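> Sequence plus predicted model, see below.
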Amino acid sequence: MTRTIAILTDFGTRDAYVGVMKAVMLRIAPDTRFIDITHSIQPQNVRQGAFTLLTCHRYFAPGTIFLVVVDPGVGSVRKPLAALADDYYFIGPDNGVLSYAVAEYLDAQIVELSNPAYWLSAVSGTFHGRDIFAPCAAHLAAGVSLAELGIPYDNYQRLAPPLLEIAGRKIAGEVLHIDRFGNAVTSIGELRRAATDGLYLIPPFSKDQHRYPVQTFAPSVTVQVKGFSLPGIRHTYSEVAPGEPLALVGSSGYLEIAVNQGSAANQLDLTTGDSIILEIG
């Protein structure tokens, strides 16, 4: 059976790192199909990698193997991990980069990649993506079981959840990600539009996995960020004039700050970590 390995890194595409990992995997599992999620995670930005994996992984077919290498602690005492959750496999370092996605599942099985039989014979202190993670991903694709790769590991590192506080008619969040277009993706989500003009907020990152709806109505909402007050939550960018800022629900289901045909990051001077307030009128 052909298996898919979806790769997410901060390696960029200028150097040979991604190509070498694919070469290693194809030698082990020549029928593997690769999907490059992105290699443009900001260098060493573990939380950006974790959030990207969280928002995209459910669009992949069951059985997909996610190879996630955002690894500023490569060569240190941090463990290499693999997880199986709801028929998805996740491979990466124990630095929290897998934690947002794995936490979505109550029954995830996690192992430390402790069996060197499934590594390359020589392991560099600076490139575990090539020497440990890629070979283990390929062996999974070739039919090796999770249990063969290593020993059970329960105490994996979990990133602190992003800011999301609901107090009366105010919801506080933060900017998590700035995309290539300068759109600022926030932690206020998941927002799902109802049949009427309302929105339902389903808070993510709940420690007990419980999610509950909080109904808002787009015309009565104000979004405040960096001293700007944006009225309403729009459906599309084109609902405001070119160059005008707006708030809308992005494709990932999270509230975004954008500028029609422009960059909200540049125009509003936004960066990750900036606070945002959604106030229901």
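Thanks, I have the structure now. Note that this is a predicted model, so its numbers are computed, not measured. Numbering: from 1, shown residues only.
> Could you use CA atoms for every contact and neighbour count after this?
Fine.
> how does the protein divide into domains?
4-152, 164-280 (automatic domain parsing).
> Where does pLDDT dip in the stretch 51-200 of the chain?
194-197 (pLDDT under 70).
> can you give me the helices for it?
99-102, 128, 134-141, 146-149 (DSSP state H, counting those that start in this stretch).
> coming back round to it: so which of the domains of the chain gets nearest Arg158?
Counting by C-alpha to C-alpha, Arg158 lies closest to domain 4-152 out of the domains of the chain; the figure is 4.9 Å.
> okay, how far is it across the closest one, tip to tip?
Distance across domain 4-152, first residue to last, is 24 Å (C-alpha to C-alpha, to the nearest Å).
> now that domain: how far from the chain's centre is it?
13 Å (C-alpha atoms, centre = their mean, to the nearest Å).
> and if you look at stretch 238-251?
The answer for stretch 238-251 is 23 Å, by C-alpha atoms, centre = their mean.
> List the buried residues for that stretch?
Using 16 or more other C-alpha atoms under 10 Å as the test for burial, stretch 238-251 gives 244-250.
> Same check on stretch 165-184?
Buried-residue list, stretch 165-184, by 16+ other C-alpha under 10 Å: 170-178, 182-184.
> ok, now stretch 75-93?
Buried residues in stretch 75-93 (16+ other C-alpha under 10 Å): 79-85, 88-93.
> Report the contact partners of the closest residue to Tyr156 other than its chain neighbours.
Leaving aside its chain neighbours, Tyr156 sits nearest to Asp94 (6.2 Å; criterion: C-alpha to C-alpha, 6 or more residues apart in numbering). Asp94 makes contact with 78-81, 156-157 under the criterion C-alpha atoms under 8 Å, 6 or more residues apart in numbering.
> quick one: which of these is nearest to Trp119?
Ranked by distance to Trp119 (C-alpha to C-alpha), the contacts of Asp94 are led by Pro80 at 11.1 Å.
> Skipping its backbone neighbours, what lies nearest the closest one in space?
Excluding the flanking residues, the one nearest Pro80 by C-alpha to C-alpha, 6+ apart is Pro93, at 4.6 Å.
> my guess is that neighbour contacts Pro72, does it?
No - taking contacts as C-alpha atoms under 8 Å, Pro93 lies outside contact range of Pro72: 9.4 Å.
> Centre of the chain to the longest strand seen in the chain, how far?
Longest strand in the chain, counting residues (DSSP state E): strand 170-178. Its chain's average C-alpha position is 15 Å from that of strand 170-178, according to C-alpha atoms, centre = their mean.
> before we move on, the earlier item: distance to Cys56 for the buried residues of stretch 165-184 - can I get that in a markdown table?
Converted to a markdown table, these look like this (distance: C-alpha to C-alpha, whole Å):
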| residue | distance to Cys56 |
| --- | --- |
| Lys170 | 28 |
| Ile171 | 24 |
| Ala172 | 24 |
| Gly173 | 21 |
| Glu174 | 20 |
| Val175 | 18 |
| Leu176 | 15 |
| His177 | 14 |
| Ile178 | 16 |
| Gly182 | 19 |
| Asn183 | 17 |
| Ala184 | 17 |
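> Pull the most distant pair out of the residues you listed.
Farthest apart among the buried residues of stretch 165-184 - using C-alpha to C-alpha - are Lys170 and Gly182, which lie 25.2 Å from each other.
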